[in-house]
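Chemist: What shape does this take:
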Amino acid sequence: MKTNTHIALRDWAVTLDELGKGTQIMLLRKGGIHEETRHFEVNSDSFFLFPAYEHQKSELLKEEYQGNIAKSVENWSPEDQQVMVKYYAQLHEDIELLDEEKLKALYPHHIWTNEFAAERLKWKKKLPLHVLLLRVYQLEQPVEIPMLAEYGGCKSWLSLPETIKGQEAHPVLTEDVFLQEVASIKKSLSVV
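Modeler: Got it, this is the predicted structure:
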């Protein structure tokens, strides 16, 4: 498939690496401190995944994933003038959660600790936590783009250069495996 947008969603590099491996298919979003609306909104149904390196903390990941942060920053420095974009995603579903028990039911499906997931849920308590189920694609050729000041900070959505459109990308999971994982997540949520 070819990518059709220049919009990107920013998230931890370690999380994007797991999405790229097919280890998980979800992101948990509540919104960045610098969001215009002060809460998370889906701005596009398809988008690039933009790696963020700040605020990654190994203690917020399950023990078996804690070493992956070091791998995610191996070739990165805060002074880097370029950033490598490797993944693209299509939103399959946006599930809104307000219930901590339902969030705990998702534990087998992601890399974060229960405590970290619960903190995300409790932040801005009246607003739902968005569980984004994503069909992730790896770019045939990763794209290096200039790291602009506007790509930093605590915000979710970015507008990348228009030239990033039209990249060839391949799904990291087959459709059958992806749909099985979606069904497993929905089953976990319905049991609670």
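Chemist: Packing partners of the longest strand anywhere in the chain?
Modeler: Taking DSSP state E as the criterion, the chain has its longest strand at strand 129-146. Here strand 129-146 touches helix 13-21, strand 26-29, strand 82-97, strand 169-171, helix 175-191, going by 3 or more Cβ pairs under 8 Å, 6 or more residues apart in numbering; DSSP states H and E. Every C-beta, even on glycine, is put in place using the N, C-alpha and C of the backbone.
Chemist: Now do the buried residues in the fourth one.
Modeler: Within strand 169-171, the residues that qualify as buried are 169, 171, counting by 16 or more other Cβ atoms under 10 Å.
Chemist: One more: the last one?
Modeler: Buried residues in helix 175-191, defined by neighbour count with 16+ other Cβ under 10 Å: 178, 181, 182, 185, 188, 189.
Chemist: closest to residue 25 among those?
Modeler: residue 181 (5.2 Å; Cβ to Cβ).
Chemist: Give me the spatial nearest neighbour of the closest one, chain neighbours excluded.
Modeler: Using Cβ to Cβ, 6 or more residues apart in numbering and skipping residues adjacent in sequence, the residue nearest residue 181 is residue 25, 5.2 Å away.
Chemist: My understanding was that the one you found contacts residue 133; is that so?
Modeler: Yes: if you go by Cβ atoms under 8 Å, residue 25 and residue 133 touch, sitting 5.7 Å apart.
Chemist: Kindly point out which residues are neighbours of both of the two.
Modeler: Shared contacts of residue 25 and residue 133 (Cβ atoms under 8 Å, 6 or more residues apart in numbering): 92, 182, 185.
Chemist: dump the residue contacts of the second one.
Modeler: Under the criterion of Cβ under 8 Å, 6+ apart, the contact list for residue 182 reads 25, 92, 93, 133.
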